[in-house]
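Trainee: no sequence on hand, only this structure:
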């Protein structure tokens, strides 16, 4: 009975090590996906800001053209 105890302990250790590897790799995938989603959100926010600045610039340019007299 004592001779099977080390084999059982090795099996339990192997099982725990495999479970830990699977759990850690799953966390890495979830963390990677979270980083990807955050990066996409930042990129969309930057695109929206650039679009708003371009629109504001066009509006300001049009207003300046309407107010200033033409040289012709």
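Mentor: Now that the structure is in, tell me what you want to look at. Keep in mind that what you see is a predicted model, and the values were worked out from it rather than measured.
Trainee: okay, buried residues for stretch 39-50 please.
Mentor: By neighbour count on 16 or more other C-beta atoms under 10 Å, the buried set for stretch 39-50 is empty. All C-beta atoms are positioned from the backbone trio N, CA, C, and that covers glycine.
Trainee: what is the neighbour count of residue 19?
Mentor: By other C-beta atoms under 10 Å, 10 other residues sit near residue 19.
Trainee: residue ranges with poor pLDDT in the chain?
Mentor: 1-8, 18, 21-31, 70-72 (pLDDT under 70).
Trainee: one more pass at 50, please.
Mentor: Filtered on pLDDT under 50, the chain yields the residue ranges 1-2.
Trainee: all helices of it, in order?
Mentor: For the chain, applying DSSP state H gives helices covering 4-67.
Trainee: can you tell me how far residue 45 is from residue 65?
Mentor: 31 Å (C-beta to C-beta, to the nearest Å).
Trainee: I should have written residue 17 there, sorry.
Mentor: Note on residue 17: its distance to residue 65, by C-beta to C-beta, is 72 Å.
Trainee: and residue 46, by the same measure?
Mentor: 29 Å.
Trainee: one more: residue 56?
Mentor: Applying C-beta to C-beta to residue 56 and residue 65 gives a distance of 15 Å.
Trainee: residue 58 too?
Mentor: Counting by C-beta to C-beta - residue 58 and residue 65 are separated by 11 Å.
Trainee: what does residue 32 give?
Mentor: Per C-beta to C-beta, residue 32 is found 49 Å from residue 65.
Trainee: before we move on, what about residue 53?
Mentor: Using C-beta to C-beta, residue 53 is found at 19 Å from residue 65.
Trainee: cool, residue 40 as well?
Mentor: 37 Å.
Trainee: same check, this time on residue 54
Mentor: Residue 54 is 16 Å from residue 65, where distance means C-beta to C-beta.
Trainee: ok, residue 9 next?
Mentor: 83 Å.
Trainee: same deal with residue 15?
Mentor: 75 Å.
Trainee: again with residue 38
Mentor: Taking C-beta to C-beta, one finds residue 38 at 41 Å from residue 65.
Trainee: ok, residue 44 next?
Mentor: For residue 44 relative to residue 65 (C-beta to C-beta), the value is 32 Å.
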